[in-house]
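**Student:** Prediction below, plus the sequence it came from.
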Amino acid sequence: MDDPKKMKAQIEDISHVDVRKCMRCGKCSATCPNYDDMEYHPHQFVCMVEKGEIRKLMDSNSIYTCLSCFACIERCPRQVEPAKLIEATRLMVERERGANHLKPDMIVQKLDDQLPQQALASAFRKYTK
Amino acid sequence: MQKIGVFVCHCGTNIAATVDVEQVAQALGKEPGVVMAVHYQYMCSQSGQDMIKDAIKEKGLTGVVICSCSPRMHEATFRKAAASVGMNPFMVEIANIREQCSWIHKDRQEATQKAIALGRAAIAKVHLNAPLTAGETPVAKKALVIGGGIAGIQAALDIAEAGFEVDIVEKEPTIGGKMTQLDKTFPTLDCAACILTPKMVECAQNDKIHILSYSEVTKVKGFVGNFDVTIRRKARYVNEDKCTGCGLCTQKCPQKKIPNAFNLNMDMRRAIYIPFAQAVPKVATIDPDHCKMLTSGKCGLCATVCTAGAIDYKQKDKFIEQKYGAIVVATGFNPIKADAFNELGYNQSKDVVTSLEYERLMNAAGPTDGTLLRPSDGKHPKTIVFVQCVGSRDTTCRGKEYCSKICCMYTAKHAMLTREKYPDTDVYVFYIDVRTPGKGFDEFYRRAVEQYGVHYIKGQVGKVSPLSDGTLEVQASDLLMDEQLKIKADMVVLAVAMEADKTARPLATMLTASMDTNDFFTEAHPKLRPVESPTAGIFLAGACQGPKDIPDTVAQAGAAASKVIGLLVKNNLKGNPCVAHCNENMCNGCSSCEHVCAYGAITYVAKEFKMPDRTIAIRRVAQVNPAVCQGCGACTVTCPSGAMDLQGFSNREIMAEVDAICL
Ligand code: SF4
Ligand code: SF4
Ligand code: SF4
Ligand code: SF4
């Protein structure tokens, strides 16, 4: 069964984020360019990790809709780095699943003229840890 | 042999809970020279002190050891008690068994043993203590106030009221400071000028107060009661005594396009200028960087129009030296630069302004004569967004970690005044927390919401982007609605953090006054001595000590003034007898001590000495000025020949303490 305390500790361990530094200003979410497509927003990642609600975050599509643009990290006045929590949550999902979704040799088939490089980089970040 | 009494304090449970006070008294009672050892609940209380006094009288004690809290707390109390019954106060020693023992130990046995060791050390020292007498120095009956803002003005007025001379040194051409730039003040909405300018005029008319405007302190020597201060009077190229302030020159000067700092560069002034109509002193000043006469020798128009003959292009900076008994620091604050906050668009749009700029835009004497107009196109703005905490509570390198304290209130004021004057506007305030602790403050903020319909939204602004149609897109969080907002605004106002004035750091060095990492002056004790700096004779007023609003500033300035008055009424100040002393027979004149003395207390003299072979030799030896020496002891540990010794903390006394603990 899920142990929220353990999962919280794991997320903090992977991300090295101290969620207690957050002062609930919401500047991360104010900055997020993909806000409307995210179920949980960067500031909510911070609050929910603090409360140990990791499973909800792992089940949310937010971990895939985050662009890994790091705007939230850049703008946070308290150096909390919410995107690192999102990244760590993705990693938790991957570890639990025990397998990678994306392998380097699959890339070639997926390449087309429209594909932005950023997407490739984030796809690797999201699916191959 | 001394006859020593030992008094062990329980300090309620502060000490007694961790230290077995009875055992301590028993153990110390067996030390050589100790004729009595007792313990008591509160040694510092009246009955505790009486106990010490009675014992001195009845048992004929020659020395006293108190095992209690830090000497910083009650050394003076106990020394006074001993002195009242005829014992030299320097025969009293404190063993700190609270801060250095009970508070940091958990194990009772260990703590008790340590308390005994500390007590032993104090007893060993008392054996070697000698009675000391403090010297006296006269007090210069004049105060210096550095900074002529509302803090400096209030302090000067209060000191002058008590009959003492005061000089105000102000770096700008006029006194008044930041408050002169404000429109209305919260929470009463008084017009800032209406309450400030009478005080400025009062300063000018008070014959005890001398305003040295356009001047700065360049050197400070001396000590409490006797500061020698050098002040640079910058050349203003106008003779202050002759200028009548008619302003004719300021209308005729052909150099018209100089950004006007008083209006935060939102309009222009001339090369010769009077900052604003109510300036004190009301005299013109020539800006040497822009005056054609001073830069190229071609103009001189102001001299021809000035009927008073006040213009003097040959004026030079003058240095004057003055003696003061006390110094009030009131160097104030500045808003931080908004440039670093790229995402908020300050550098990209003229319509993103700081709160102080907004203040000028609302002011009848400001660049728009008090009509709120967009700086970019002079149109009347309809939607205005205020952003609080810009750079405050910000731990990144762009910001300041602390809360700037006044922004919540002045933003509420701006929002309210805007809605009152222009009911057709939509006003949004983005906040992280609204902080309004002060008399009538929260009521004021609620009035902005409930009566004036200002939209307060919890959440920060993430981005301000100038759009092609001239408006600004404000992207922000609404945390309570869990929404991301996009507002089309005509103006954005940034409540930027407050920082200490740039002149504060070099001044603190000159004054040997301490500062925190944010360049705010630190007070001697945050609760009990809030207006004094730890350096004797230096007092603090206003935002130089930390963010402060006007009521707090005025209250603190008055408190600082009362401390100054308390100092200046004294004819003499008792010095600290625990000063360094040079054994001239041992001194080899190497100058090591002089180099290490931060207070400049050491000088050298050539003296004749009889040598063992009966010849006379002239040697250079160190001499300590006891009035300047602070007793820090740096010289005593530096002296290679062991000639320097600190009275009351001699090398022998300290070694005896070490031995008592270690042997
Ligand atoms: S990194 Fe993700 S959460 Fe952070 S601002 Fe970018 S898209 Fe939003
Ligand atoms: S920007 Fe930083 S401090 Fe503000 S809510 Fe987001 S994580 Fe917390
Ligand atoms: S310098 Fe002369 S002209 Fe200028 S204000 Fe003074 S008196 Fe008037
Ligand atoms: S001399 Fe300088 S200040 Fe005077 S009118 Fe000419 S430019 Fe202006």
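**Tutor:** That came in fine, so what should we check first? Numbering: from 1, shown residues only, chains lettered A, B, ... in the order given. Ligands and ions are numbered 1, 2, ... in the order given.

**Student:** backbone phi and psi for the residue of the stretch 1-150 of chain B at minimum distance from ligand 1, please?
**Tutor:** Distances between the stretch 1-150 of chain B and ligand 1 by CB to the nearest ligand atom are smallest at residue B:149, namely 41.9 Å. Every C-beta, even on glycine, is put in place using the N, C-alpha and C of the backbone. With angles defined as degrees, to the nearest 10, residue B:149 sits at phi -80, psi -170.

**Student:** before we move on, what about residue B:110?
**Tutor:** phi -60, psi -50.

**Student:** For it, list the residues it contacts.
**Tutor:** Shown in contact with residue B:110 (CB atoms under 8 Å, 6 or more residues apart in numbering or on different chains): no residues.

**Student:** now the helices: where do they sit in chain A?
**Tutor:** A:4-15, A:27-31, A:42-51, A:54-59, A:62-65, A:71-75, A:82-97, A:107-110, A:117-127 (DSSP state H).

**Student:** swap in the stretch 451-600 of chain B?
**Tutor:** B:504-511, B:550-568, B:592-596 (DSSP state H, counting those that start in this stretch).

**Student:** got a list of what residue B:96 touches?
**Tutor:** Counting by CB under 8 Å, 6+ apart, residue B:96 touches B:68, B:69, B:70, B:71, B:118.

**Student:** Does residue B:221 belong to a helix, a strand or coil?
**Tutor:** Using DSSP: H, G, I helix; E, B strand; the rest coil, the structure places residue B:221 in strand.

**Student:** For it, grab the count of nearby residues.
**Tutor:** By the criterion of other CB atoms under 10 Å in any protein chain shown, residue B:221 has 14 neighbours.

**Student:** Report the secondary structure element holding the closest residue to it other than its chain neighbours.
**Tutor:** Closest residue in space to residue B:221, ignoring its immediate chain neighbours: residue B:228 at 4.5 Å, by CB to CB, 6 or more residues apart in numbering or on different chains. Per DSSP states H and E: residue B:228 is located in strand B:226-233.

**Student:** Enumerate the positions of that strand that are buried.
**Tutor:** B:226, B:227, B:229, B:231, B:232, B:233 (16 or more other CB atoms under 10 Å in any protein chain shown).

**Student:** Which neighbours in the sheet does that strand have, and how are they oriented?
**Tutor:** When pairing is defined by DSSP bridges, strand B:226-233 lines up against strand B:215-223 (antiparallel), strand B:318-324 (antiparallel).

**Student:** burial count for the closest residue to residue B:91 other than its chain neighbours?
**Tutor:** Of all residues not flanking residue B:91 in the chain, residue B:63 sits nearest, at 4.7 Å (CB to CB, 6+ apart). Residues near residue B:63, counting by other CB under 10 Å, number 27.

**Student:** hang on, residue B:63 packs against residue B:3?
**Tutor:** Yes. Residue B:63 lies in contact with residue B:3 (CB atoms under 8 Å); the separation is 7.1 Å.

**Student:** Verify the assumption that residue B:27 is located in a strand.
**Tutor:** No. Going by three-state DSSP, the assignment for residue B:27 is helix, not a strand.

**Student:** Give me the pLDDT for the residue lying closest to it once chain neighbours are set aside.
**Tutor:** Distances taken as CB to CB, 6+ apart put residue B:116 closest to residue B:27, at 4.7 Å, once the chain neighbours are dropped. Turning to residue B:116, the model gives it a pLDDT of 97.

**Student:** ok, which residues in chain A are in contact with chain B?
**Tutor:** A:21, A:23-32, A:35-36, A:41, A:43-44, A:71, A:75-79 (CB under 8 Å from any CB of the partner chain).

**Student:** Does residue B:200 belong to a helix, a strand or coil?
**Tutor:** Following three-state DSSP, we place residue B:200 in the helix state.

**Student:** can you tell me how far the nearest residue to it once chain neighbours are set aside sits from ligand 1?
**Tutor:** Once flanking residues are discounted, residue B:200 sits nearest to residue B:280: 4.2 Å by CB to CB, 6+ apart. Distance, residue B:280 to ligand 1, by CB to the nearest ligand atom, to the nearest Å: 52 Å.

**Student:** so what's residue A:28 up against?
**Tutor:** A:41, A:42, A:43, A:46, A:71, A:72, A:73, A:75, A:76, A:80, A:82, B:462.

**Student:** Please list which of these are also close to ligand 1.
**Tutor:** A:42, A:71, A:72, A:82 (CB under 6 Å from any ligand atom).

**Student:** okay, those residues in JSON lines with neighbour count next?
**Tutor:** Shown next, in JSON lines, are those (neighbours: other CB atoms under 10 Å in any protein chain shown):
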{"residue": "A:42", "neighbour count": "30"}
{"residue": "A:71", "neighbour count": "22"}
{"residue": "A:72", "neighbour count": "28"}
{"residue": "A:82", "neighbour count": "30"}
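
**Student:** and the two most separated of those residues?
**Tutor:** Spanning the widest gap among those are A:71 and A:82, at 9.9 Å by CB to CB.

**Student:** quick one: residue B:47 is in a strand?
**Tutor:** No. Under three-state DSSP, residue B:47 falls outside any strand and is assigned helix.

**Student:** Return the distance of residue B:169 relative to ligand 3.
**Tutor:** From residue B:169 to ligand 3 the distance is 22 Å (CB to the nearest ligand atom).

**Student:** Please work out how many residues are found near the residue of the stretch 151-300 of chain B found nearest ligand 2.
**Tutor:** Proximity to ligand 2, evaluated over the stretch 151-300 of chain B using CB to the nearest ligand atom, is greatest for residue B:186 at 26.8 Å. Residue B:186 has 26 neighbours, counted by other CB under 10 Å.

**Student:** excluding its backbone neighbours, what's nearest the residue nearest the centre of chain A?
**Tutor:** Of all residues in chain A, the one closest to the mean position by CA atoms, centre = their mean is residue A:86, 1.7 Å from it. Excluding its sequence neighbours, the residue lying closest to residue A:86 (CB to CB, 6+ apart) is residue A:66, at 4.8 Å.
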